[in-house]
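S.K.: Provided below for reference: sequence and predicted model.
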Amino acid sequence: MKIDRRSFIKSAAATSAVATATSLFPGISFASWKQLEGATGMIRWEKAPCRFCGTGCGVLVGVSGDRAVAVKGDPACSVNKGLCCVKGYHSVQALYGKDRLTKAQVRKNGKMVEVPIQEALDIIAAKMKETIDKHGKDSVAMYGSGQWTIPDGYVASKLFKGCIGTNNVEANARLCMASAVTGFLTSFGVDEPMGCYEDIDYANVFITWGNNMAEMHPVLFSRMLAQRKRRNDVTIIDFATRTTRTSQASDKSILFKPQTDLAVANAICYEIIRNDWVNWDFVNKHVSFHKGKTNIGYGLEDKFKFKDKAEGIDFEQFKTFLKDYTPEKVEKMSGVPARDIRYLASLYGDPTKKVTSFWCMGMNQHTRGTWINNLVYNIHLLVGKISTPGNSPFSLTGQPSACGTVREVGTLTHKLPHGVVMKPKARELAEKIWELPAGSIDPKPTYHTVAMFRALDRGDIRFMWIQVTNPMVTMPKLKRYRDGALKEDRFIVVSDVYPTPTTDVADVILPAAMWVEQEGMFGNSERRTQHFDEIVPPPGEAMSDTWQIIEVARRLGFEKQFPWSQEEYIGKIWEEYRRFHDSPKHNMAPYKVLKARSGVQWPFVNGKETRWRFNAKHDPACTSGEDFHFYGKKDNRAWIWARPYEPAAESPDQEYNFWLNTGRVIEHWHTGSMTRRVPVLHNAMPSAYVEINPEDAADMGIVNGEMIKIISRRGEVTMPASINGRGVPTRGQVFVPFFDEKYLINEVTLDAFCPISKQPDYKKCAVKLEKA
Amino acid sequence: MPVLAYIVTPRSGEKNKLLKELNAMQHCEALSADNADILILVTDTPDKETEKQLEKQLNKIESMESLSMTFGYNDELQYKGEGDGHEDR
Ligand code: SF4
């Protein structure tokens, strides 16, 4: 049957509506539509991971000619089994916004003018060379993203760390996952979760720690709800600072005062020990106890330095440390009733219950982010509920490849694709694989993200290339960093798909290929690498970020390191990168396996994926002969840490009397530069707002929709009030989502960070409110 | 030439009536779920103006409870979010 293009688009529109209806009304059937769809034979469906979050749902992209027109969930993908959220279903429309960047632009006499992309690439290479000659190799920097594909991040690291010899490579995952990484490294010695999403099918108790999964990880949340419906022994507890859709859907919502999660976690351990719910067999065999430095600061000053020092302690010392955290004492600090703390402890302590803890930004964007990650591991380790189906402390990821690209490839200042720059062996391996002379890689890390933008402001960095991210919306204490980027002799290159406040500060804009307009791989929260083909061509002169970097690298004289042709570069890069992880602890699947499947979990050993790490039944890297083997640490044990409660960098006082918390909404991806161009998503959530507790609003005489000025010591922003809206903060707290560039909430936030992970705390600073 | 898709909920007991009504309207094609009171509507109009008119007409239909858009496509005029901040620059 021959069908014209118009009929096809209509068919795609109906397909999309049917897919959405299927997600809204499980079990719904449209038999007449299926017959029609089958008869037309017009839809070519190609697999890809979703572009819009770290869950990593598999999608099938419906293609008409050279245009992506529909999306449905991939039933072959174990992550989502055919389901998507609203962002996923509408993701292809984000490719076709009217103001898509399709041509390169260069600033000439203060104005951006379009130029052929090859000319723009010449200018970038020349400027990099000139800057290095004048100011040294550490004056040029690359700032990437957890939305970089794995090859994007790999070639960035190879060019900057290997060829140029500067460790000025960072990515926005520093702002979202760094505390998770340092949490894993300090507790287990290796990064990324031991469990996988299959834990959801086995757990009896789910505890969400400051994690609004119903909006941020909706597909995983619906898997949890489906389990609760199917089995009668499933309980969901939401432990948070604000009432959200997650709290509403949970069996119990427990609210705590910002920052006191540290104290509550310790109180849970106190109760577990007091009731002798400790799994002694597990603890004696697999756990060791440690303490680190305290009063560790907040990184508010330039050139702040901190290095933790671990000191071994014994169980009795740990028990003594916990004496400050009785449920009664912690109730006073946290506002959580002692009986609720005991209840949480009893859930973790009950040997008949399997417990999964989920967290994401609430714990990571925290000036003690590493500590709170450690503390939740402490709970699971004390009761031995870890690395077995359903027993899982599970750090979720926000971005589609924060794990795959930033954490695994190591696009952070101190990292290499395997190991850290400080270790001679790691440098030697990289220099060998990259065919570089010995000594090419600098052994000293340079700047983490906040420090990198401070260095740009000071002038220690003069050239910065920003790819797939929007720091002029997302940097905390934004004004300082925007002013820095705009200084006279700074040169900023931005590769992106739409105009943003970051392209506004650019000297060169490169049009980038987006998602399935290029071949690539993402790596999701559960160690799953997901390949996608170039399914549709990029518009105009848009080019993949990987290829942009290769073009510049060749212009700088590194043809030998970047020899691949455009037809085969992704496969070749993958096979080169894979050599870094050649061990049972991290083996990655070969390129042809990745191409064939809807994602493959690493370690991939002898053709088998590893579901639960450190568990001898599942993980081939376990060699101790015991049931568990925590091989990441030299003592072959997981580490429990005594980490105290310490206050936030800035707390409300008489003048600035509210906490400010920031975050996301289900409809929009991060700064909204893509999702705000999708009509359904934009119409559903057209504008940001400030959530105010109804009693606070009543005290101040604020009504819904009224314009409110939010003022901090750094800046101010005026936006409409939302009272009893989607989320309700506790008294004395306000919440603002950051997707809307009309209201730049990061003018107000504070650039304090966790001294260990260097991840800023976007969840806590002090503000005051005024009627505008 | 906008093509839009909607999920449509009929008023109680009026699914078949609504299906007929929608299919009788110009620029509209509707199909029905077999096991739920839900319809899918695809509209295909020659221009934005006609699309707006049609939307008004749709909103007047008595047997319709609610209408929510799930898909928008326009060959000539790609969507640019209203008030997305870029007009100001
Ligand atoms: S949950 Fe995340 S990965 Fe899944 S469809 Fe939604 S945005 Fe995409």
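M.R.: Yes, it's here.
S.K.: Where do the helices of chain B begin and end?
M.R.: Secondary structure of chain B (DSSP state H): helices at B:15-24, B:48-60.
S.K.: how about these in CSV, adding distance to the ligand?
M.R.: (C-beta placed from N, C-alpha, C; glycine too.) Below are those laid out as CSV (distance: least, CB to the nearest ligand atom, whole Å):
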stretch, distance to the ligand
helix B:15-24, 29
helix B:48-60, 28
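S.K.: Where among those helices is average confidence lowest?
M.R.: Ranked by mean pLDDT, the helices of chain B end with helix B:48-60 at the bottom, a mean of 89.
S.K.: pLDDT at residue A:680, what is it?
M.R.: At residue A:680, pLDDT is 80.
S.K.: Which residues are in contact with residue A:629?
M.R.: A:614, A:616, A:619, A:621-623, A:636 (CB atoms under 8 Å, 6 or more residues apart in numbering or on different chains).
S.K.: I figured residue A:502 was touching residue A:470, is that so?
M.R.: Yes. Using CB atoms under 8 Å as the test, residue A:502 is close enough to residue A:470 to be in contact (4.8 Å).
S.K.: Correct me if wrong: residue A:167 contacts residue A:416.
M.R.: No. Shown here, residue A:167 and residue A:416 do not form a contact pair, counting by CB under 8 Å, at 9.4 Å.
S.K.: what is in contact with the two at once?
M.R.: Common contacts of residue A:167 and residue A:416 (CB under 8 Å, 6+ apart): residue A:161.
S.K.: Run a quick neighbour tally on residue A:391.
M.R.: Residue A:391: 26 surrounding residues under other CB atoms under 10 Å in any protein chain shown.
S.K.: in which helix or strand would I find the residue in the stretch 101-250 of chain A that chain B sits nearest to?
M.R.: Distances between the stretch 101-250 of chain A and chain B by CB to the nearest CB are smallest at residue A:112, namely 10.8 Å. In this assignment (DSSP states H and E), residue A:112 forms part of strand A:111-115.
S.K.: so what strands line up beside that strand?
M.R.: Taking DSSP bridges as the criterion, strand A:111-115 pairs within the sheet with strand A:104-108 (antiparallel).
S.K.: quick one: average pLDDT of the strand it pairs with?
M.R.: For strand A:104-108, the mean pLDDT works out to 97.
S.K.: next one: that strand to chain centre, how far?
M.R.: Put simply, strand A:104-108 sits 31 Å off its chain's centre (CA atoms, centre = their mean, to the nearest Å).
S.K.: which residues make contact with it from outside it?
M.R.: For strand A:104-108, the external contacting residues (CB under 8 Å, 6+ apart) are A:112-117, A:119-121, A:123, A:506-511, A:541.
S.K.: Now the buried members of the residues you listed.
M.R.: Listed as buried from the contacts of strand A:104-108 are A:112, A:115, A:117, A:120-121, A:123, A:506-511, A:541; burial here means 16 or more other CB atoms under 10 Å in any protein chain shown.
S.K.: For the ligand, state which of the residues you listed is nearest.
M.R.: Proximity of the buried ones among the contacts of strand A:104-108 to the ligand (CB to the nearest ligand atom) peaks at residue A:511, which lies at 24.0 Å.
S.K.: and that closest one, which of the three is it?
M.R.: What DSSP: H, G, I helix; E, B strand; the rest coil gives for residue A:511 is strand.
S.K.: which parts of the host helix or strand of residue A:285 are buried?
M.R.: Remark: residue A:285 resides in helix A:280-286, with elements defined by DSSP H and E. The neighbour-count check on helix A:280-286 (16+ other CB under 10 Å) flags A:282-283, A:285-286 as buried.
S.K.: Show me what it is packed against.
M.R.: Counting contacts by 3 or more CB pairs under 8 Å, 6 or more residues apart in numbering or on different chains; DSSP states H and E, helix A:280-286 packs against helix A:369-382.
S.K.: and the next element down the chain from the helix it packs on?
M.R.: Downstream of helix A:369-382, the first helix or strand assigned by DSSP H and E is strand A:392-395.
S.K.: same for the helix or strand just after that following strand, what does it pack against?
M.R.: Once the chain leaves strand A:392-395, the next helix or strand it forms, by DSSP H and E, is helix A:409. Packed against helix A:409 by the contact rule (3+ CB pairs under 8 Å, 6+ apart) you find helix A:150-157.
S.K.: part of a strand, is residue A:29?
M.R.: No. Counting by three-state DSSP, residue A:29 falls outside a strand, being coil.
S.K.: So it sits against residue B:34, correct?
M.R.: Yes. Contact criterion CB under 8 Å: residue A:29 and residue B:34 qualify, at 4.9 Å.
S.K.: What residues does the stretch 1-150 of chain A have near chain B?
M.R.: Proximity of the stretch 1-150 of chain A to chain B is confined to A:6, A:9-10, A:12-14, A:16-18, A:20-21, A:24-25, A:27-33, A:69-70, A:89-90, A:93, A:96-100 under the rule CB under 8 Å from any CB of the partner chain.
S.K.: Sort out which of those are in strands and list them.
M.R.: In strands, defined here by DSSP state E, the members of the residues of the stretch 1-150 of chain A next to chain B are A:69-70.
S.K.: Of the residues of the stretch 1-150 of chain A next to chain B, grab the buried ones for PyMOL.
M.R.: Entered in PyMOL, the line below selects the buried ones among the residues of the stretch 1-150 of chain A next to chain B, by 16+ other CB under 10 Å:
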select buried, chain A and resi 9+10+12+13+14+16+17+18+20+21+30+33+69+70+89+90+93+96+97+100
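S.K.: give me every residue that touches the closest residue to residue B:10 other than its chain neighbours.
M.R.: Nearest residue to residue B:10, sequence neighbours excluded (CB to CB, 6 or more residues apart in numbering or on different chains): residue B:18, at 4.2 Å. With contact set as CB under 8 Å, 6+ apart, residue B:18 has these partners: B:8, B:10-11, B:30, B:39, B:61, B:63-64.
S.K.: between residue A:502 and residue A:470, what contacts are shared?
M.R.: residue A:496.
S.K.: Between the two, which has more neighbouring residues?
M.R.: Neighbour count, other CB under 10 Å: between residue A:502 and residue A:470, residue A:502 has more, with 25 against 22.
S.K.: count of neighbours near residue 50?
M.R.: Just so you know, I chose chain A. 30.
S.K.: To clarify, I was referring to chain B.
M.R.: Count around residue B:50 with other CB under 10 Å applied: 16.
S.K.: State the distance from the nearest residue in space to it that is not next to it in sequence to residue B:39.
M.R.: Leaving out its chain neighbours, the residue that sits closest to residue B:50 by CB to CB, 6+ apart is residue B:27, at 6.9 Å. Look at residue B:27 and residue B:39: by CB to CB, to the nearest Å, they are 16 Å apart.
S.K.: just residue A:770 next, same as before
M.R.: Noted for residue A:770: a distance of 48 Å to residue B:39, by CB to CB.
S.K.: what does the model give the residue of the stretch 101-250 of chain A closest to chain B for pLDDT?
M.R.: 97.
S.K.: Who does the closest residue to it other than its chain neighbours form a beta bridge with?
M.R.: Nearest non-adjacent residue to residue A:112, counting by CB to CB, 6+ apart: residue A:105, 4.3 Å away. Residues in a beta bridge with residue A:105, per DSSP bridges, are residue A:114, residue A:509.
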